[in-house]
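A predicted structure for the sequence below; I have some questions about it.
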Amino acid sequence: MAPPPSSEVPITQRLISLASTLQFAWFIGHVTLLLCTFRYGVSYITLNYYSRWSQFSYRTAFVAAAATYGIVVFKAFRAKQKSGKSMGSPVQMIGDENVQYLIMAHVWLFTRQTALALLPFAVYSIFHVLTYTRGMLLPTIQPPPPTPAGQKPQSSALSDTIGRFVKDYYDASMSLVAGLEIALWFRILGAAVLMQKTSWIKLLVYTLFLRARISQSTFVQGMLHHIGARGDTLAQRQDVPPAVRSGWESFKGVAKQAHDSTDINRYVQGGQPQAAPKKAQ
């Protein structure tokens, strides 16, 4: 992000300068997504999820999601162009988390409504909105006073509160996203079993997406380990029938085999160790 304008510049000009940036459009996209998710949530709770307003809110939320991730992907593409770097092969491009979320935003936009699909995007948007507000919006509205050399820049009480919230709840929220993304796979699987329209297409695409998340996200890996440990604990209970225990062990074996045979690293990085995961934008 570019630094906020100086306090010597009139506030109107500071706001116009901020609003003219591509990053501000990214911020507005995340705000729109949150507002639409809230509006759709109200409709969903009141069992009105196929009303005109509900459908408009759902589709608009994913239009906003596609726009925000599209902006990030575009900026990354432009930065590589300026530096003369190659974008890599199509498989390497799809290995980028922001490209993956951009693809999924389009999938959810053009297929049957799946309420749970909104929540991971909304959690990300909460932190992006808070971070942008703290780093750009608040300093633009009320620039901090000049900081003497060697001293830490002063920040407002609201800025400090936002900073503490992001620091305290980021990891827990990313674990929540991981759990939601795993639960969403089972939700789509259930729809596919019931032969709902486009459900098998969504299951295929989302399975590929989730496999990439398992490879790239330590939070998804941690959630799967937690689920596995919880399943082992339940399976070892004495009141659990042997058939259930055997089924659980078979399921783990099939899942491990599927995991090992679909390792994205061998395609994206030629089998080289993967760099530390980066959070999606």
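Arrived safely. Computed from a predicted structure; not experimentally measured.

ranges for the helices of the stretch 51-200 of the chain?
52-83, 90-94, 97-109, 118-132, 138-141, 157-193, 199-216 (DSSP state H, counting those that start in this stretch).

Tell me what angle the third one forms with helix 199-216.
Here the directions of helix 97-109 and helix 199-216 differ by 160 degrees (axes from the mean of the first three to the mean of the last three Cα atoms, to 10 degrees).

Dump helix 97-109 to CSV, restricted to CA.
As requested, the backbone C-alpha atoms of helix 97-109 are provided in CSV (Å, rounded to 0.1, in the frame of the first residue of the first chain):
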residue,chain,number,x,y,z
GLU,A,97,-3.9,-18.9,-3.7
ASN,A,98,-5.4,-15.7,-5.0
VAL,A,99,-6.0,-17.3,-8.5
GLN,A,100,-7.7,-20.3,-6.7
TYR,A,101,-10.0,-18.1,-4.8
LEU,A,102,-10.8,-16.0,-8.0
ILE,A,103,-11.7,-19.3,-9.8
MET,A,104,-13.9,-20.4,-6.9
ALA,A,105,-15.7,-17.0,-6.7
HIS,A,106,-16.7,-17.5,-10.3
VAL,A,107,-17.8,-21.0,-9.6
TRP,A,108,-20.1,-19.9,-6.8
LEU,A,109,-21.3,-17.0,-8.8
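
tell me which residues of that helix are tucked away?
Glu97, Asn98, Val99, Gln100, Tyr101, Leu102, Met104, Ala105, His106, Val107, Trp108, Leu109 (16 or more other Cβ atoms under 10 Å). In this view, the C-beta of every residue, glycine as well, is placed from N, C-alpha and C.

Can you give the contact residues for that helix?
Where contact means Cβ atoms under 8 Å, 6 or more residues apart in numbering, the residues beyond helix 97-109 that reach it are 59, 62-63, 65-66, 69-70, 72-73, 76, 93-94, 114, 117-118, 121, 202, 205-206, 209, 212-213, 216-217, 277-281.

Show me which of the residues you listed are buried.
For those, a neighbour count by 16+ other Cβ under 10 Å gives the buried set as 59, 62-63, 65-66, 69-70, 72-73, 76, 94, 114, 117-118, 121, 202, 205-206, 209, 212-213, 216-217, 280-281.

Point out where the stretch 151-281 of the chain drops to low pLDDT.
Within the stretch 151-281 of the chain, the segments meeting pLDDT under 70 span 151-154, 260-281.

rerun at 80
Low-confidence segments of the stretch 151-281 of the chain, defined by pLDDT under 80, span residues 151-156, 196-198, 238-240, 244-245, 248, 251-252, 254-281.

Also the stretch 1-150 of the chain?
In the predicted model of the stretch 1-150 of the chain, residues 1-9, 81, 83-93, 143-150 satisfy pLDDT under 80.

and the gap between Pro145 and Val244?
When Cβ to Cβ, to the nearest Å is the yardstick, Pro145 and Val244 sit 66 Å from each other.

So for the two, which sits in the more crowded spot?
For Pro145 against Val244, the residue with the higher neighbour count under other Cβ atoms under 10 Å is Val244, and the figures read 12 against 8.

my read: the more buried one touches Gly231, true?
No. With contact defined as Cβ atoms under 8 Å, Val244 does not reach Gly231; the gap is 10.5 Å.

Nice, that's everything, thank you.
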